[in-house]
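Engineer: need a structure here:
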Amino acid sequence: MNVDLYDFDLPEELIAQTPLPDRSASRLLTLDKSSGVTEHRHFTDILTELKPGDTLVLNDTRVIPARLFGVKEDTGAKAEVLLLKNLGEDRWEALVKPGKKLKTGAVISFGEELQAVVEEESDMGGRTLRFMYQGIFQEILDRLGTMPLPPYIKEKLDDRERYQTVYAKNEGSAAAPTAGLHFTKELLKQIQDKGVRIAYITLHVGLGTFRPMSVETVEEHVMHAEFFMLSQETADMLNKARTEGGRIVAVGTTSCRTLETVGGMFGDGPLEACSGWTDIFIYPGYSFKLVDALITNFHLPKSTLVMLVSALAGREHILNAYKEAIRESYRFFSFGDAMFIY
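Structural biologist: Numbers count the residues shown, from 1 in each chain. The predicted structure is shown next:
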């Protein structure tokens, strides 16, 4: 299946550069995955879209200030580092710029309190770094690091918390699970009061988020592994939903991928608490095991995320809905509007 089947023209002015003042003020395009029928709503209308007995699954990962700016110690040349995965013992998987100059053995200085040495090289700017510091690494990172906004966002973010969900808890992501940015604590309470169960999973967003597909056919693409956690409390809620026939509604593609990973692990049997690494790649032809509906943002052309939503709703339905969103000037990507596929 050719990657170009998931291409579409997106005017650059529709890429949202800043978050709205009110998180839940964004627009909501609803898509019936069976018929392809769409409606234009506001995000707060999700309250009427969700039904008593549904289980809403949120990713409670928290973004770390993972972008660091320093200098190559021997030449003073500027260096940029994006932390992606904590490997333990002060070692991190990272992306670096400029990759051509930061070879194995290079030392990067971020000031007197933090240095890193390049231990290994991989493709497309990937490096394994070992950090040297005095004190507590997380505190140093909070002082020196900046939020790792995606490359298509050019505006400076004034408030770091606007790139965190209101329920973010477990630190470790290199990017926010952006479908969750639309929720306020008040809206979540209203949803819960309606009789919708709210469950939390954790998936730390990593390298795959920042790398475009570089293959011609979908089947050739390999996803990078990301760490996930599912608690027994959430497993019990999901088991109850399956038994009672309520819908499982994933908030964001990260929640969706975690749920489908877990569904694949346990099959038709009861789910249990678990954690591990997932590199699941969901594209058309995939048979969903747990997810019935999805709240998501609008994604990049030819991205794995467009393929995931196409697997749920069908490629033609998705591309038609995207054309409509473009025609109606919806805001795209991380700080953009939302879509509810049901």
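
Engineer: mind listing what the residue nearest to I64 when sequence neighbours are not counted touches?
Structural biologist: The shortest distance from I64 to any non-neighbouring residue, by Cβ to Cβ, 6 or more residues apart in numbering, is to E171 (5.4 Å). C-beta: built from backbone N, CA, C; applies to glycine. The neighbours of E171, taking Cβ atoms under 8 Å, 6 or more residues apart in numbering as the test, are T61, R62, I64, Q138.

Engineer: would you check that L300 makes contact with V309?
Structural biologist: No: under the criterion of Cβ atoms under 8 Å, L300 makes no contact with V309, lying 11.8 Å away.

Engineer: those two: which has the busier surroundings?
Structural biologist: Set L300 next to V309 and count neighbours by other Cβ atoms under 10 Å: V309 wins out with 29 against 18.

Engineer: surely the residue nearest to I64 is in a strand?
Structural biologist: Yes: under DSSP: H, G, I helix; E, B strand; the rest coil, E171 sits within a strand.

Engineer: what secondary structure does N320 sit in?
Structural biologist: helix.

Engineer: give me the pLDDT for it.
Structural biologist: At N320, the pLDDT value in this model is 98.

Engineer: tell me, how many residues neighbour D7?
Structural biologist: Around D7 sit 12 other residues, with neighbours defined as other Cβ under 10 Å.

Engineer: equivalent analysis for T75, please.
Structural biologist: 10.

Engineer: can you give me the pLDDT of the nearest residue to G285 once chain neighbours are set aside?
Structural biologist: Using Cβ to Cβ, 6+ apart and skipping residues adjacent in sequence, the residue nearest G285 is A311, 7.2 Å away. Here the pLDDT value assigned to A311 is 98.

Engineer: kindly report the same for T209.
Structural biologist: The model's pLDDT for T209 equals 61.

Engineer: the one 5 residues further on too?
Structural biologist: pLDDT for S214: 84.

Engineer: from Y152, how far off is it?
Structural biologist: 18 Å (Cβ to Cβ, to the nearest Å).

Engineer: what segments of this protein are helices?
Structural biologist: 46-49, 137-144, 185-193, 232-244, 253-266, 304-313, 315-327 (DSSP state H).

Engineer: quick one: closest of these to A199.
Structural biologist: helix 232-244 (4.4 Å; Cβ to Cβ).

Engineer: identify each buried residue in that closest one, please.
Structural biologist: T234, A235, M237, L238, A241, R242 (16 or more other Cβ atoms under 10 Å).

Engineer: want to try CSV for those residues, with pLDDT and distance to A293 as columns?
Structural biologist: Listed next are the buried residues of helix 232-244 as CSV, based on pLDDT from 0 to 100; distance: Cβ to Cβ, whole Å:
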residue, pLDDT, distance to A293
T234, 98, 17
A235, 98, 19
M237, 98, 16
L238, 98, 14
A241, 97, 12
R242, 96, 14
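
Engineer: take those and lay them out in JSON lines including distance to K156.
Structural biologist: Shown next, in JSON lines, are the buried residues of helix 232-244 (distance: Cβ to Cβ, whole Å):
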{"residue": "T234", "distance to K156": "36"}
{"residue": "A235", "distance to K156": "41"}
{"residue": "M237", "distance to K156": "39"}
{"residue": "L238", "distance to K156": "39"}
{"residue": "A241", "distance to K156": "41"}
{"residue": "R242", "distance to K156": "45"}
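
Engineer: which stretches of this protein have low pLDDT?
Structural biologist: Within the chain, the ranges that satisfy pLDDT under 70 run 207-211.

Engineer: scan it for its longest strand.
Structural biologist: strand 78-88 (DSSP state E).
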